[in-house]
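> I'll drop the sequence and a predicted model, then ask my questions.
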Amino acid sequence: MVLTLEGYTVFKSGRVNSDYEVEGHDAGYEPHHDMINAPDQVQIYELVMGDVNGNVTTVLERAKDPIKDNRLTPIGFSTTHPSYDTTRIAGVPGTDTDFNHNSIGEGSGSDVVHYHVPVTSFTGDLRAFARIYYQPVPPGWNAEMFSQSGTQIDAFRDMLEASDRSPTLVASDSLLVGPVGFEGHARGTRSGLPRTRLPTVGSWSRAIYHST
């Protein structure tokens, strides 16, 4: 999230609504992102399984191959390991060259998500916030099961609805950046600010780009 010092929201991505669903989540599943430049894009590190027809499923007996598995890997994880076929990364495009890679090479166990935030109409300082949340069971994982009814399903639904389903905050950080306003904005040029990198939060990094 990026705010002005007065508290006005310039950009937000990844908020959770009252149903504990991530705002901007695409139907089916949210693709992996290397660059985020719109509020309806959000980075979600997760496993999404597909059935024999390539459709998303949360039923273990129907799962065949991962459609998406961009969960952060352990440090030292290698795509050349003999058992990689059973733990493979899926849904991460080859253009995301910093996923599990750093200046040394493969096995960083981290990822860098780049945020391109339009700031054309704003001048002065901005404050950028990065937060990492853990959600053990996203609502979509229960939807298929909850479409059915039974003693065990109904009991689990009642327990879940009575529990605190709020995602757990793992880590957070913030950064004051600016000033961002100058004459070049009216001409559609870059703001003149260098790339600003938020401090590393856990093993995830967040980067903010300022341009019109």
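Sure thing, it's come through.
> could you pull out the helices in this protein for me?
Using DSSP state H, the helices of the chain run over residues 139-146, 151-162.
> okay, the ones you listed, which one's buried deepest?
Ranked by mean neighbour count, these are led by helix 139-146 with a mean of 15 (mean count of other CB atoms under 10 Å). In this view, the C-beta of every residue, glycine as well, is placed from N, C-alpha and C.
> return the distance of it from the chain's centre.
Relative to the chain's own centre, helix 139-146 is displaced by 20 Å; criterion: CA atoms, centre = their mean, to the nearest Å.
> which residues touch that helix?
Asp19, Tyr20, Glu21, His25, Tyr29, Thr57, Thr58, Val59, Ile153, Arg157, Leu160 (CB atoms under 8 Å, 6 or more residues apart in numbering).
> buried residues, stretch 58-68. List them.
Thr58, Ala63, Pro66, Ile67, Lys68 (16 or more other CB atoms under 10 Å).
> the third one against Leu47, yeah?
Yes - using CB atoms under 8 Å, Pro66 is in contact with Leu47, at 6.2 Å.
> any stretches of this protein with poor pLDDT?
Where the chain drops to pLDDT under 70, the residues are 179-212.
> gap between the residue most central in space within it and Val113?
The residue lying closest to the centre of the chain (CA atoms, centre = their mean) is Gln43, at 1.6 Å. From Gln43 across to Val113, the span is 5 Å (CB to CB, to the nearest Å).
> any shared contact partners between the two?
His33, Ile36.
> of the contacts of helix 139-146, closest to Ala128?
His25 (22.1 Å; CB to CB).
> returning to that earlier point: reformat the contacts of helix 139-146 as CSV; add distance to Leu176.
Output for the contacts of helix 139-146, formatted as CSV (distance: CB to CB, whole Å):
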residue, distance to Leu176
Asp19, 33
Tyr20, 31
Glu21, 31
His25, 30
Tyr29, 35
Thr57, 45
Thr58, 41
Val59, 47
Ile153, 49
Arg157, 44
Leu160, 40
